[in-house]
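In: Here's a sequence, model it:
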Amino acid sequence: DWSSDVCSSDLERHHPRCAVSRLVLVRILTLISKFPWPLTDGAVIRDFNLLREAAKRHEVSVLCFLFKPSDREQFDALRPFCKKIVGLDLVRPKWRALANAAQSLVTTDPFIIREYWRPEMARALEKFVDEERIDVIHSHFLHMSQYVGHKRGAAFVHDAHNLEHVLWERMGRTTANPLKKAFIQTQYGKLVRRQQEVACASEKCVVLSDEDRAEYRRICPEADVTTVPNGADVEYWTPRDGVTESASILYFGNLSWPPQADAAIYFHDKILPIIRKQVPDVKFYIVGQNPPESVNALVSDRVIVTGFVPDMREYVARATVVVMPLRAGAGTKHRVFQALCMKKPVVCTAVAAEGIALTHGETALLADDPERFASATVSLLQDAALRQRLGERGRQLVLDRYDWRTIYERLEQAFQEAVRKRK
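Out: Next comes the predicted model:
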């Protein structure tokens, strides 16, 4: 464990962005469902970056579930930022998921709530708050914020990431499986009610966009909601010159997440054939961890599915155009920020662009139906000047508005307000 004066000069030299204040202002507990390392998906990217920024000023600890025992081997990555790290093993056999799905049909609990409810987590949270004298619990996602009733004397900040009812409603629209569609429809009202309950029991709620804030206030007018968008590590995602592969399109993400796998298949089936009529030699790269069989099946001479790659920047740097053809999902998308940061021209659907201050024709191209999306992609493949203009302005947008260091100031204010309300 590391104490509040963890950042000695030696540690600051090895971790220059971890300048923990010697004066502890607030004791913060980050409550999460997955240990936030390595940075392989959008949720852990947000979790880690906000935790790292908070650790520059406050004493931060972590309480989380562990999907596999070997996750403990990753603890050292966060020790420079954390006073204490506690992980509880989360066993999720397939039979349990089926049982939880069945029970969610006959109870008021949404499926995702049942999936992450463990009495031992409730006990661990109460013990942590009491022993470490926690001031603020920063809880990520609704399924972890169900533990708000065990906050003891701490202020509770519910970081929604997604508005779950919006996410599930969109997944219901895009799934072709009638059984899945019917099940998803049973969850909508339950998710709305649980989000209302959590909001009322929390000192503050945090969402990723002003659109999400308006929607949360619509379903729960009494909720105290603050917008803290996603961002990018602008020092990590830097442009690289002279490595672009001509006529190459990149889609990247965490392909184990159904909305992201759906986007890859949708682009391949509905948009890529239109593009090939004008750019026959175009290559399409699908890059990201754990692609399902439905994505692996897309492989051909000019469609490459890589699976996990150790450094995504190599693929972003090589791409002529980055596409984000998402049809489902919620919140703001880290991959958009990352591509913009590397000065890559991006084509986005409205879902992918949600909550990001993109301007069509200035910082990105926006299109929803397959024909317009294909046309926008072709225009970028064929127009180097347009690619350069969008790339330059896109990176500047991130520098101005979406640097994690700037974004954290909003969360800092939410923490301070939550502590005042609790007192």
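In: how far out from the middle of the chain is the helix ranked longest in the chain?
Out: The helix that spans the most residues within the chain, counting by DSSP state H, is helix 178-201. Distance of helix 178-201 from the chain centroid (C-alpha atoms, centre = their mean, to the nearest Å) equals 20 Å.
In: what's the answer for stretch 141-160, then?
Out: Distance, stretch centre to chain centre, for stretch 141-160: 18 Å (C-alpha atoms, centre = their mean).
In: List of residues touching the longest helix of the chain?
Out: The contact list for helix 178-201 (C-beta atoms under 8 Å, 6 or more residues apart in numbering) reads 101, 104-105, 108-113, 142, 145-146, 148-149, 156, 158, 160, 163-165, 168-169, 171-172, 175, 205, 216, 219-220, 222-225. Where you see a C-beta, it was placed from the backbone N, CA and C, and this is true even at glycine.
In: 6 Å instead, please
Out: Residues from elsewhere that reach helix 178-201, judged by C-beta atoms under 6 Å, 6 or more residues apart in numbering: 105, 110, 145, 148, 158, 164-165, 168-169, 171-172, 175, 205, 219-220, 223.
In: mind listing the strands for the stretch 301-423 of the chain?
Out: For the stretch 301-423 of the chain, strands defined by DSSP state E, counting those that start in this stretch occupy the ranges 303-305, 321-324, 346-348, 365-366.
In: now the stretch 1-150 of the chain
Out: Ranges of strands in the stretch 1-150 of the chain, per DSSP E, counting those that start in this stretch, are 27-32, 59-66, 84-89, 136-140.
In: just how off-centre is the shortest one within its chain?
Out: This points to strand 136-140. With C-alpha atoms, centre = their mean as the basis, strand 136-140 stands 16 Å off its chain's centre.
In: same for that strand, what does it pack against?
Out: Identification of packing neighbours for strand 136-140 by 3 or more C-beta pairs under 6 Å, 6 or more residues apart in numbering; DSSP states H and E yields strand 27-32, strand 155-159.
In: what sits up against that strand?
Out: So strand 136-140 is contacted by 26, 28-32, 47, 145, 151, 154-159, 415, 418 (C-beta under 6 Å, 6+ apart).
In: Go ahead and build a PyMOL selection from the buried members of the residues you listed.
Out: Command for PyMOL, covering only those of the contacts of strand 136-140 found buried under the criterion 16 or more other C-beta atoms under 10 Å:
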select buried, resi 26+28+29+30+31+32+47+145+151+154+155+156+157+158+159+415+418
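In: Could you tell me the per-residue confidence at residue 6?
Out: You'll see residue 6 listed with a pLDDT of 33.
In: Dump the strands of the stretch 301-423 of the chain into CSV; add mean pLDDT and mean neighbour count as well.
Out: Shown next, in CSV, are the strands of the stretch 301-423 of the chain (pLDDT from 0 to 100; neighbours: other C-beta atoms under 10 Å):
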stretch, mean pLDDT, mean neighbour count
strand 303-305, 98, 17
strand 321-324, 98, 28
strand 346-348, 98, 28
strand 365-366, 98, 22
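In: quick one, strands of the stretch 151-300 of the chain?
Out: Remark: strands assigned in the stretch 151-300 of the chain by DSSP E, counting those that start in this stretch are 155-159, 204-207, 225-227, 248-252, 283-287.
In: Output those strands in TSV; the columns should cover distance to residue 376.
Out: Formatted as TSV, the strands of the stretch 151-300 of the chain follow (distance: least, C-beta to C-beta, whole Å):
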stretch	distance to residue 376
strand 155-159	33
strand 204-207	28
strand 225-227	28
strand 248-252	12
strand 283-287	15
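In: so what's the backbone phi/psi at residue 311?
Out: According to degrees, to the nearest 10, the main-chain angles of residue 311 amount to phi -140, psi 100.
In: That one - how many residues pack around it?
Out: Residues contacting residue 311 under the criterion other C-beta atoms under 10 Å number 8.
In: Same question for residue 399.
Out: Applying the criterion other C-beta under 10 Å, we find 14 residues in the vicinity of residue 399.
In: One more: residue 203?
Out: Other residues near residue 203 come to 22 when the count uses other C-beta under 10 Å.
In: The one 5 residues further on too?
Out: Burial measure for residue 208: 24 neighbouring residues, criterion other C-beta under 10 Å.
In: In contact with residue 217, which residues?
Out: The contact partners of residue 217, by C-beta under 6 Å, 6+ apart, come to residue 225.
In: taking the mean pLDDT, what do you get for stretch 277-297?
Out: Stretch 277-297 comes out at a mean pLDDT of 97.
In: In PDB, list the C-alpha atoms belonging to that stretch.
Out: Only the C-alpha atoms of stretch 277-297 are listed here, as PDB (Å, rounded to 0.1, in the frame of the first residue of the first chain):
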ATOM      1  CA  LYS A 277     -17.500   0.600 -56.600                       C
ATOM      2  CA  GLN A 278     -15.400   3.800 -56.600                       C
ATOM      3  CA  VAL A 279     -12.300   2.600 -54.800                       C
ATOM      4  CA  PRO A 280     -11.900  -1.100 -55.800                       C
ATOM      5  CA  ASP A 281      -8.500  -1.600 -54.100                       C
ATOM      6  CA  VAL A 282      -9.600  -0.300 -50.700                       C
ATOM      7  CA  LYS A 283      -8.500  -2.300 -47.600                       C
ATOM      8  CA  PHE A 284     -10.600  -2.500 -44.500                       C
ATOM      9  CA  TYR A 285      -8.900  -3.200 -41.100                       C
ATOM     10  CA  ILE A 286     -10.900  -4.300 -38.100                       C
ATOM     11  CA  VAL A 287      -8.600  -4.000 -35.100                       C
ATOM     12  CA  GLY A 288      -9.400  -4.800 -31.500                       C
ATOM     13  CA  GLN A 289      -9.500  -7.500 -28.800                       C
ATOM     14  CA  ASN A 290     -11.800 -10.500 -28.700                       C
ATOM     15  CA  PRO A 291     -13.600 -10.300 -32.000                       C
ATOM     16  CA  PRO A 292     -16.500 -12.800 -32.100                       C
ATOM     17  CA  GLU A 293     -16.800 -15.400 -34.800                       C
ATOM     18  CA  SER A 294     -19.200 -13.200 -36.700                       C
ATOM     19  CA  VAL A 295     -16.400 -10.600 -37.100                       C
ATOM     20  CA  ASN A 296     -13.700 -13.200 -37.800                       C
ATOM     21  CA  ALA A 297     -15.900 -14.500 -40.600                       C
END
